[in-house]
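Engineer: Fold the following and give me the result.
(chains A and B)
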Amino acid sequence: SQELEQSPQSLIVQEGKNLTINCTSSKTLYGLYWYKQKYGEGLIFLMMLQKGGEEKSHEKITAKLDEKKQQSSLHITASQPSHAGIYLCGADLLGPGSARQLTFGSGTQLTVLP
Amino acid sequence: GAVVSQHPSRVICKSGTSVKIECRSLDFQATTMFWYRQFPKQSLMLMATSNEGSKATYEQGVEKDKFLINHASLTLSTLTVTSAHPEDSSFYICSARVWGRANDGYTFGSGTRLTVV
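Structural biologist: Residues are numbered from 1 along each chain as shown, chains lettered A, B, ... in the order given. Next up is the predicted model:
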C-alpha cells in the first residue's frame, strides 16, 4: 500500500544480533498492528499500538509508535532462528468509504542465520 | 475469544469452476468482514469489505463479478471465486473488526490456500 511504507523488505541477520523494522504512514493512524506470518499460514498477532508515544514489549520484541502516530518500529533483541518469518505492519486507517480498515505494509522477510 | 473460523484451509479446483470460502465469527457478531489476498512473497492486499445486509465494497482493481461476497448474517461472510483460473491461485484470508473487547482490534481467520489447476 502506498499509504504505508515498510522497510526493509528483506533482512538477514546472524543469530544473537538486534534488528529493527520500520513502518511509516502518510496519514495519522487510529492504531498500528504488528503481525508475524509464514506465507500460506495465518497471522500471529504480536502487538497493537494506539497512543502516541506508546511502547510495548513482549519477550524480546519491542514495538513503538511515535507521538504523531505515523511511524512505528519493531525491534528484536538478540534474534533467534525462531524469529524468522514475515513481519507485517497493519495500519488502522479510514478507507475510501470513511470506514476503518486495516491496510498492510509490504512486509519484511526476516532470516536469522544460526 | 473473538475467533473467526475460515474454511476450507486448502482447496484445489479445476479451471473454470467456482470455489466458495466461508468465514464465521464464533463468539461475536461481525457486522463487517474484510477479505484479503496474498500472493507468494507479497503482503496482504485488501480485496473487499463485506457488510452484513448490504453490498460489499470492493477495492480498486478487484472484479466484483469474479469475487462474489455475501454477508447474509452477523456471523457469516462468504467469498466465491467464480470461473477460477490459475492466476487466481493465492492465499485468501478474512478478518473481522472486534469492538468492545479488552483489546479492540482485528481478528483473522486461518486463511485458505487456493490452487487452480
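Engineer: Counting by contacts, list what the lowest-mean-pLDDT helix or strand in chain B packs against.
Structural biologist: Ranking every helix and strand in chain B by mean pLDDT, DSSP states H and E puts strand B:105-108 at the bottom, with a mean of 88. The contact analysis (3 or more C-beta pairs under 8 Å, 6 or more residues apart in numbering or on different chains; DSSP states H and E) places strand B:105-108 against strand A:31-37, strand A:43-49, strand B:90-98. C-beta coordinates here come from the backbone N, C-alpha and C atoms, glycine included.
Engineer: Distance from that strand to the middle of the chain?
Structural biologist: Distance of strand B:105-108 from the chain centroid (C-alpha atoms, centre = their mean, to the nearest Å) equals 13 Å.
Engineer: now stretch A:32-41
Structural biologist: In this view, stretch A:32-41 has its centroid 9 Å away from the chain centroid, taken as C-alpha atoms, centre = their mean.
Engineer: And the contacts of it?
Structural biologist: The list of residues contacting stretch A:32-41 from outside it, by C-beta atoms under 8 Å, 6 or more residues apart in numbering or on different chains, reads A:23, A:25, A:43-50, A:63, A:65, A:69, A:72, A:74, A:85-92, A:102, A:107, B:38, B:40-41, B:91, B:105-106, B:110-111, B:113.
Engineer: Leaving out sequence neighbours, find the closest residue to residue B:29.
Structural biologist: residue B:74 (3.9 Å; C-beta to C-beta, 6 or more residues apart in numbering or on different chains).
Engineer: for residue B:50, same thing?
Structural biologist: residue B:71 (3.9 Å).
Engineer: count of residues packed around the one you found?
Structural biologist: 23 (other C-beta atoms under 10 Å in any protein chain shown).
Engineer: Given the helix or strand harbouring it, what are its sheet partners and their directions?
Structural biologist: Assigned by DSSP states H and E, residue B:71 belongs to strand B:67-73. According to DSSP bridges, strand B:67-73 has the following sheet partners: strand B:76-81 (antiparallel).
Engineer: What separation is there between the nearest residue in space to residue A:46 that is not next to it in sequence and residue A:48?
Structural biologist: Distances taken as C-beta to C-beta, 6+ apart put residue A:34 closest to residue A:46, at 4.2 Å, once the chain neighbours are dropped. Computed with C-beta to C-beta, to the nearest Å, the distance linking residue A:34 and residue A:48 is 8 Å.
Engineer: between those two, who's got more neighbours?
Structural biologist: More neighbours surround residue A:34 than the other of residue A:34 and residue A:48, with 25 against 20 (other C-beta under 10 Å).
Engineer: Quick check: bridge partners of the more buried one?
Structural biologist: Here residue A:34, judged by DSSP bridges, has bridge partners residue A:47, residue A:89.
Engineer: same thing with residue A:75?
Structural biologist: residue A:20, residue A:62.
Engineer: From the structure, what's the count of residues near it?
Structural biologist: Based on other C-beta under 10 Å, the number of other residues close to residue A:75 is 16.
Engineer: residues contacting it?
Structural biologist: With C-beta under 8 Å, 6+ apart, residue A:75 has these contacts: A:18, A:19, A:20, A:21, A:61, A:62, A:63, A:64.
Engineer: try 10 Å this time
Structural biologist: A:18, A:19, A:20, A:21, A:22, A:55, A:57, A:60, A:61, A:62, A:63, A:64 (C-beta atoms under 10 Å, 6 or more residues apart in numbering or on different chains).
Engineer: Alright, calling it a day.
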